[in-house]
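Undergrad: Show me the folded form of this:
(4 chains)
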Protein chains: 2
Amino acid sequence: MIRKRVTLKDVAQAVGVHVSTVSRALDPRTRHLITPEVADQIVKASKQLAYRQNAAAYSLKTNRSRTVGVVLPDITNQIFPPIIRGVEDALAEHNYVAILANTDGNPKREENISETLRTRGVDGLVLASVEREDEAVRRLVSDGIPIVTVNRKVNDPGVSSVVHDEDEGVRRILMHLVSLGHSQIANIAGPQELSTGEERYRAFEHHRSLLGLDSDPRLIAFAHGFNETEGERSVEELIAAGASFTAIVCSNDRLAIGAIAALRRHGISCPGDVSVTGYNDMPMVDRLAPPLTTIRIQQYRAGFEAAKLLYAMLETAPDQRKPEHIVLPVELIVRGSTQALSSPAGKCREALNRKREIE
Amino acid sequence: MIRKRVTLKDVAQAVGVHVSTVSRALDPRTRHLITPEVADQIVKASKQLAYRQNAAAYSLKTNRSRTVGVVLPDITNQIFPPIIRGVEDALAEHNYVAILANTDGNPKREENISETLRTRGVDGLVLASVEREDEAVRRLVSDGIPIVTVNRKVNDPGVSSVVHDEDEGVRRILMHLVSLGHSQIANIAGPQELSTGEERYRAFEHHRSLLGLDSDPRLIAFAHGFNETEGERSVEELIAAGASFTAIVCSNDRLAIGAIAALRRHGISCPGDVSVTGYNDMPMVDRLAPPLTTIRIQQYRAGFEAAKLLYAMLETAPDQRKPEHIVLPVELIVRGSTQALSSPAGKCREALNRKREIE
DNA sequence: TTGTAAGCGTTATCAG
DNA sequence: CTGATAACGCTTACAA
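TA: Numbering: from 1, shown residues only, chains lettered A, B, ... in the order given. Below is the predicted model of the structure:
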């Protein structure tokens, strides 16, 4: 038998006061209006009756749902769960909950999603799926919905964001490779519509020239997605281009995994012949063969900070909200996929060329 | 400028009818009560004004939130995201959304979670975090909340579930190992409070005796969690016990990964000296060294079916709800972590090749 | 076929 | 400090 939920009215009746008194006594922000003894009685009674506020009624009245939407490309992609976890943990502190939605990068799905979330009356949005120029975000912003992007950002600085220090990450990777004696370094860049792809590529170019490394357009391949297949394809492109290299900097781990597989198929070993680096430090990449040298980013913290930022916005009057941008530090994780260039730098190049002739 | 949301009243005014007419025209189930032309007009106007139902008002009135809670141990654990995805996709078809909550296996957190979900007025629950004897579930059931467990189940058959065919999975693994010539097969069993751990263990014992394999208690180790560390510890236990074995059946992939690492530390190679099998076919286990032989389970589908089941319950009057139990088929994935027992003869190897072709 | 009106459980305004 | 009352937007008997 499903007992009807207890309401303010029930508590009021039990204590012998009016509903509105109960409402005030139970809200920390208005409790001071009530005589302490009465308030205590009310609190006690509400506990005893197991009173729980009706979220729908609260929402209807206050026009706040204490719900935020979290939109991401695909929860199945390993880098997102920690973000979500961070978001939820931060929200939980304020009695907010999250509704998830996956876009799959599909615009039609994205349309549905905003529709659903709007109907649900989410108070704000955490977006992990944005492109640098994002029409959907523009619409949402112009509708006045509080937004924070996480992991990525849009070009418009008016939209708050929490991202990782891409420039520093790429710089550390290049420093690491250079310290191992590498100078012919290729780059598999990520999709340039995404801020991560673009910023990592830009950082690569920047620090490469700062370090005085070979600059050859044949050493750059652009992946059209952050996945293994594109990593493989990009290596093919690099090899076909014909410039020799002893290391490849990949814009994320999955590209690196694909790259290593493709190299192997060509009889080129990693790290023996070519060092390869990833980015993100996904789960399990420490157990691959070879374990991946990569940049560790703080996904959980990014999610947490993003939610904190969003909550702060929600607590601020719409007309005095200011965008904020947080950049989280990153860490270089050196593992087995990078190794020192075996003494004379030309030796490896020869090995590579030999391999190529054999095919 | 945040424009106030369009309500039924606005649409009614635009068309020149009463709110209730609009309400009826917009609900497929009552549309037939309205003159087609009027209905069309209303639909058109509502589209044009971008009317969206106020979820809070709907909930308050109908006492249905079109929201379900999804409770799991930790979204960061790789086997859960596909489940969630399945749940959300199935729910989306009916305009339901999911609220996620992570227990971390922590009872205090679990308490908070039920509290939050109850307050939110979820219509039902998908539970991926249950133990075989679960106090929390009992409470929820006795409160009359519709529940479906996924991936795991509780002992009480009154609670609906969607699980994988553990018995068949273990059977296939054992058949596979036997066909490779193994007869001394150890087992790293999972936590016995969880249905997965218990069923896989039971299946192992059952099929082992059916196949006439060595039965030695020293060939069994119980892990206290489904993780790599416990896999390592269990191998130590197995080795310390002193019975010799040529294969280890692990209750899931993470245990297997830990087991292989521990074996390696002892100078025992996999699959050269000992074959190891996993369970679940987590992402990336095909790229480990060695790639893991394992059982593939249908996590997405499990989530999808669980949500379908739950939705069906929600559409059924409380007094005529019947528990349902779905068991999904599994698949053996043979990779590099298992190999034919080399010692006696090449005979064994031939058998293996035949077998591989068959599968 | 459509309109009327009540009421879901809260919060907020205004008296007292 | 507390009570009465209205209103949030919607669904749904019931009336017309």
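
Undergrad: tell me the secondary structure for A:Ile99?
TA: strand (DSSP: H, G, I helix; E, B strand; the rest coil).

Undergrad: separation between the residue in the stretch 51-200 of chain A that DNA strand D sits nearest to and B:Arg265?
TA: Taking C-beta to the nearest atom of the strand as the measure, the stretch 51-200 of chain A has A:Lys61 as its residue closest to DNA strand D, at 3.7 Å. All C-beta spots, glycine's among them, are computed from the backbone N, C-alpha and C. According to C-beta to C-beta, to the nearest Å, A:Lys61 stands 62 Å off from B:Arg265.

Undergrad: In contact with A:Ile188, which residues?
TA: A:221-223, A:231, A:234-235, A:238, A:248-251, A:255-256, A:259 (C-beta atoms under 8 Å, 6 or more residues apart in numbering or on different chains).

Undergrad: in what helix or strand does it lie?
TA: A:Ile188 belongs to strand A:185-189 when assigned by DSSP states H and E.

Undergrad: tell me which residues in the helix or strand following that strand are buried?
TA: Following strand A:185-189 in sequence order, the next helix or strand is helix A:195-210 (DSSP H and E). The neighbour-count check on helix A:195-210 (16 or more other C-beta atoms under 10 Å in any protein chain shown) flags A:Ser195, A:Thr196, A:Gly197, A:Glu198, A:Glu199, A:Arg200, A:Tyr201, A:Ala203, A:Phe204, A:His207, A:Arg208 as buried.

Undergrad: what's the closest of the residues you listed to B:Ala302?
TA: Closest approach to B:Ala302 among the buried residues of helix A:195-210 (C-beta to C-beta): A:Thr196, at 32.0 Å.

Undergrad: Surely that closest one is in contact with A:Glu166?
TA: Yes. Between A:Thr196 and A:Glu166 there is a contact at 6.5 Å, judged by C-beta atoms under 8 Å.

Undergrad: And the helices in the stretch 151-300 of chain A, which stretches?
TA: A:166-179, A:195-210, A:228-241, A:253-265, A:299-314 (DSSP state H, counting those that start in this stretch).

Undergrad: In a markdown table, list the ones you listed along with distance to DNA strand D.
TA: What follows is these, written out as a markdown table (distance: least, C-beta to the nearest atom of the strand, whole Å):
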| stretch | distance to DNA strand D |
| --- | --- |
| helix A:166-179 | 43 |
| helix A:195-210 | 37 |
| helix A:228-241 | 45 |
| helix A:253-265 | 44 |
| helix A:299-314 | 19 |
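
Undergrad: how far does stretch A:266-277 sit from the chain's center?
TA: Centroid displacement of stretch A:266-277 relative to its chain, using C-alpha atoms, centre = their mean, to the nearest Å, is 29 Å.

Undergrad: And it, end to end?
TA: One end of stretch A:266-277 sits 18 Å from the other (C-alpha to C-alpha, to the nearest Å).

Undergrad: how about it: buried residues?
TA: Here stretch A:266-277 shows A:His266, A:Ile268, A:Cys270, A:Pro271, A:Asp273, A:Val274, A:Ser275, A:Val276, A:Thr277 as buried, counting by 16+ other C-beta under 10 Å.

Undergrad: got the CA coordinates for stretch A:280-287 in PDB?
TA: Extracted C-alpha coordinates of stretch A:280-287, given in PDB (Å, rounded to 0.1, in the frame of the first residue of the first chain):
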ATOM      1  CA  ASN A 280      44.500  13.000 -21.300                       C
ATOM      2  CA  ASP A 281      45.800   9.900 -19.400                       C
ATOM      3  CA  MET A 282      42.700   7.800 -19.900                       C
ATOM      4  CA  PRO A 283      42.200   4.800 -17.700                       C
ATOM      5  CA  MET A 284      44.200   1.700 -18.700                       C
ATOM      6  CA  VAL A 285      46.700   3.500 -20.900                       C
ATOM      7  CA  ASP A 286      49.300   2.700 -18.200                       C
ATOM      8  CA  ARG A 287      48.700  -1.000 -19.000                       C
END
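
Undergrad: circling back to that earlier point, of all the contacts of A:Ile188, which two lie farthest apart?
TA: Checking the contacts of A:Ile188 with C-beta to C-beta, the most distant pair is A:Phe222 and A:Ala256, at 15.3 Å.

Undergrad: which of the two has more neighbours?
TA: A:Ala256 (29 against 16; other C-beta atoms under 10 Å in any protein chain shown).

Undergrad: Nearest residue to the middle of chain A?
TA: A:Asn151 (3.4 Å; C-alpha atoms, centre = their mean).

Undergrad: what's around A:Ser20, how many residues?
TA: The burial count for A:Ser20: 11, using other C-beta under 10 Å.

Undergrad: The host helix or strand of it near DNA strand C at all?
TA: Per DSSP H and E, A:Ser20 falls inside helix A:19-26. Yes. Judged by C-beta under 7 Å from any atom of the strand, helix A:19-26 and DNA strand C are in contact via A:Val19, A:Ser20, A:Ser23, A:Leu26.

Undergrad: how close does the residue in the stretch 201-350 of chain A positioned nearest to chain B sit to DNA strand C?
TA: At 3.5 Å from chain B, A:Ala289 is the closest residue in the stretch 201-350 of chain A, using C-beta to the nearest C-beta. Counting by C-beta to the nearest atom of the strand, to the nearest Å, the separation of A:Ala289 from DNA strand C is 57 Å.

Undergrad: can you tell me which residues contact that residue?
TA: A:Gly336, B:Leu288, B:Ala289.

Undergrad: Could you do A:Gly336 as well?
TA: Counting by C-beta under 8 Å, 6+ apart, A:Gly336 has contacts A:Pro271, A:Ala289, A:Pro290, A:Pro291, A:Leu292, A:Thr293.

Undergrad: what two of those residues are the furthest from one another?
TA: Once C-beta to C-beta is applied, those give A:Ala289 and A:Thr293 as the farthest pair, at 13.3 Å.

Undergrad: Same question for stretch A:17-25: list its buried residues.
TA: Those would be A:Val17, A:Thr21, A:Val22, A:Arg24, A:Ala25, for stretch A:17-25 by 16+ other C-beta under 10 Å.
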